[in-house]
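Trainee: Fold the following, please.
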Amino acid sequence: MTAVAAAVPTGTARSRQLVGTGVLLRLALRRDRAMIPAWVLCLGLVVASLGSSFEALYDTAAERAELAGSMTANGSMRALYGPVFNDSLGGLIAWRMAGFGAVLAAVMSLLIVVRHTRDEEETGRQELLSAAMVGRRAPLTAALLAALLANTALVVLITAGLARSGRPAAGSLALGLAIGGTGMLFAGLAAIAAQLTESARMAKGLTGAVLGLAFALRGAGDAADATAGSPLTWVSPLGWAENLRAYADERWWVGLLFLAGSALAVATAYALTARRDLGMSFLSARPGPAVAPRSLAGPFGLAWRLQRTTLGGWTLGYVCAGVVFGGIAEGASDMVGGNQQTREIFERMGGQAGLTDAFLATMVGMLGMVAAIYAAGAVLRLRGEETAGRAEPVLAGAVGRLRWAAGHLVVAYAGTVVVLGFGGLALGVSYGISVGDLGGRVGPVLAAALAQVPAVWTLTGLAVLAFGLLPRASTAVWAVVGGCLALGWIGPSLKFPQWAMDLSPYGHLPKLPGTEATAAPFVWLLALSAVFLVAGLTGFRRRDLD
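Mentor: Residues are numbered from 1 along each chain as shown. Model prediction:
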């Protein structure tokens, strides 16, 4: 802490380094005038609306107690959602949303901070701004203040929404602080990553890896201890969120962990930014060989080189998820017990087959919906190469636009098959081993995972369409992907009407394994994906580069 304090200037010198913070903050809020309200409103309203859903599904104290007991008694479910500390409606909301909401708040915060720090340096815009009256620490300060405002708004919305729906005010505030505090902590961690790495993509990946590690530690700790008292749980910030214990004799002192962690992360980020030049990083890329390998001779080789690490990370993550989900599938009946409402939720998400098949279909569906994040990111890498000025030198040679785009699109479309294939294989193998029928279980589960590909490709084609026709609005694709995730995650428990579920391409797929499948929905989704792809590439071929 002494070294950190020494790195922060005092008095007049400090004020000079913050010159322009207000202007940059207004610029950041203007640029994020759609993204921040969308994140805050969607997450806040989802948390506030869960009370009425749980009240409709579990309208008696006995049913809520049965649900809390069955969830807490199952180690696998504790690893996914955490233990239930209180069987009241507020306690069930905290159980379902403390961890999930904290993850979403962390993602929102890291996107805000990286966008207004490392991304600005990578594109060269920060150098232009710094040529004016802008202090050295002003960009970082403005980014952190933008994240602070977003998380504060999230805390207020969650607290007010839950209190207005009849939940105790103290518990509502505790849940809001748990989610917003996690978001602010990861804003500080993202600020550190922005100083360490040389690109926005690497900064997001490093912060995302820390978030994934935090989830894994929390899950392992909760699986071992039903009281969330494991040292592994306490190491994870997501474990702090659940240990604040909203609606269950709140532990307000846990909030000090968020405050101290955020302060330490921010101070470290300030110390690092004082020790590097604009555009530089502490983890700079190693120089490549003097002669490029033959694999880089074409646009596909270049696209593969740029995206192979991302694809490998997603594949590894899906394998791990498949192993976990497959291991707990056989215990689905024990998890649900005799609770008819919980059984109905699984059946709405996974079909009317046996409960184990419905659980597997639910997990496969979740893997399919999350895979759209990978696919959209792989397509929008084209936009990143274009805006960063790296596409123009490539296209100035003997490489046509469609050939250049095709390299990234092959990685996006084929990578979807690879990710879902390995995830489905791991899920089938893990489930087959747990029931002693490896040969008979792997095939159907793997086929169910690959059946998600047409829906993912539909959203992939939509990303291509946005890139080709409306490049400056291409980030709106993330709102569509997020909407599909929200429909699949909360739609069944909130009993959304079928027409609303059909707005997502996943709503048209059969619930596999365990149900009959026809070719019609797959053909229609593939045809729609092809239309989006052709229209997007046509638009890209005819428009000017930015």
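Trainee: Show the contacting residues for the closest residue to residue 132 other than its chain neighbours.
Mentor: Spatial nearest neighbour of residue 132, chain neighbours left out: residue 20 (7.4 Å); criterion: Cβ to Cβ, 6 or more residues apart in numbering. (Glycine included, C-beta is placed from N, CA and C.) Neighbouring residues of residue 20 by Cβ atoms under 8 Å, 6 or more residues apart in numbering: 129, 132-135, 138.
Trainee: ok, the residues you listed vs residue 539, which is closest?
Mentor: Comparing these against residue 539 with Cβ to Cβ places residue 129 closest, at 31.8 Å.
Trainee: Now the closest one: which helix or strand?
Mentor: helix 125-130 (DSSP states H and E).
Trainee: those helices in the stretch 301-450 of the chain, which residues are they?
Mentor: Taking DSSP state H, counting those that start in this stretch as the test, the helices found in the stretch 301-450 of the chain are 332-336, 340-350, 355-387, 391-395, 401-435, 438-450.
Trainee: Repeat that for the stretch 151-300 of the chain.
Mentor: Counting by DSSP H, counting those that start in this stretch, the helices of the stretch 151-300 of the chain are 169-196, 200-224, 231-235, 237-243, 255-273, 299-329.
Trainee: on that earlier part again, what does the average pLDDT come to for the helix holding residue 129?
Mentor: For helix 125-130, the mean per-residue pLDDT is 74.
Trainee: Tell me the helices and strands packed up against the helix or strand containing residue 122.
Mentor: Using DSSP H and E, residue 122 maps to helix 118-123. Contact partners of helix 118-123 among helices and strands, from 3 or more Cβ pairs under 8 Å, 6 or more residues apart in numbering; DSSP states H and E: helix 125-130, helix 200-224.
Trainee: Return the residues in contact with residue 266.
Mentor: Counted by Cβ under 8 Å, 6+ apart, residue 266 has contacts 144, 188, 191.
Trainee: wait, the last one sits on residue 144?
Mentor: Yes - using Cβ atoms under 8 Å, residue 191 is in contact with residue 144, at 6.2 Å.
Trainee: Spit out the residues that contact these two alike.
Mentor: Shared contacts of residue 191 and residue 144, defined by Cβ under 8 Å, 6+ apart, are found at 113, 266, 269.
Trainee: Distance of the first one relative to residue 27?
Mentor: I take that to be residue 113. 15 Å (Cβ to Cβ, to the nearest Å).
Trainee: Looking at these two, which one has more neighbours?
Mentor: residue 113 (30 against 16; other Cβ atoms under 10 Å).
Trainee: I'd say that one and residue 145 touch.
Mentor: No - at 10.3 Å, residue 113 and residue 145 do not qualify as touching, with contact defined as Cβ under 8 Å.
Trainee: contacting residues around stretch 92-103?
Mentor: For stretch 92-103, the external contacting residues (Cβ under 8 Å, 6+ apart) are 43, 46-47, 50-51, 54, 58, 64, 67-68, 71, 81-86, 158, 162, 167, 171, 174-175, 178-179, 182-183, 211, 215, 218, 237-238, 241-242, 244-248.
Trainee: Now it: average pLDDT?
Mentor: 86.
Trainee: Check stretch 169-182 too.
Mentor: For stretch 169-182, mean pLDDT is 94.
Trainee: Below-threshold pLDDT in the stretch 251-400 of the chain: ranges please.
Mentor: By pLDDT under 70, the weakly predicted segments of the stretch 251-400 of the chain are 279, 281, 284-288, 328, 330-355.
Trainee: let's go with 90 and repeat that
Mentor: Counting by pLDDT under 90, the stretch 251-400 of the chain shows low-confidence ranges at 273-314, 316-367, 369-370, 373-374, 376-377, 380-381, 383-400.
Trainee: The stretch 401-546 of the chain now?
Mentor: Across the stretch 401-546 of the chain (using pLDDT under 90), the flagged ranges come out as 401, 427-428, 430-444, 470-504, 506-519, 542-546.
Trainee: hmm, 80 instead?
Mentor: 435, 437, 475, 478-479, 482-483, 485-498, 500, 514-516, 546 (pLDDT under 80).
Trainee: buried stuff in stretch 101-120?
Mentor: Using 16 or more other Cβ atoms under 10 Å as the test for burial, stretch 101-120 gives 101-120.
Trainee: Could you check how far residue 243 is from residue 27?
Mentor: Distance of residue 243 to residue 27, computed by Cβ to Cβ: 38 Å.
Trainee: that older thread, now list the buried members of the contacts of residue 266.
Mentor: 144, 188, 191.
Trainee: Turn those residues into JSON lines, including distance to residue 39 and pLDDT.
Mentor: Formatted as JSON lines, these follow (distance: Cβ to Cβ, whole Å; pLDDT from 0 to 100):
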{"residue": "144", "distance to residue 39": "16", "pLDDT": "94"}
{"residue": "188", "distance to residue 39": "18", "pLDDT": "95"}
{"residue": "191", "distance to residue 39": "18", "pLDDT": "93"}
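Trainee: Closest one of those residues to residue 326?
Mentor: For those, the minimum distance to residue 326 (Cβ to Cβ) is 36.1 Å, reached by residue 188.
Trainee: thinking again about what came up before, restricted to helices, list the contacts of residue 20.
Mentor: 129, 138 (DSSP state H).
Trainee: got a winner among the contacts of residue 20 for most neighbours?
Mentor: residue 138 (22 neighbours).
Trainee: was I right about it contacting residue 16?
Mentor: No - contact between residue 138 and residue 16 fails when scored by Cβ under 8 Å: they sit 9.9 Å apart.
Trainee: follow-up on the earlier one: going through the contacts of stretch 92-103, which ones are buried?
Mentor: Buried subset of the contacts of stretch 92-103 (neighbour count, 16+ other Cβ under 10 Å): 43, 46-47, 50-51, 54, 58, 64, 67-68, 71, 81-86, 158, 162, 167, 171, 174-175, 178-179, 182-183, 211, 215, 218, 237-238, 241-242, 244-248.
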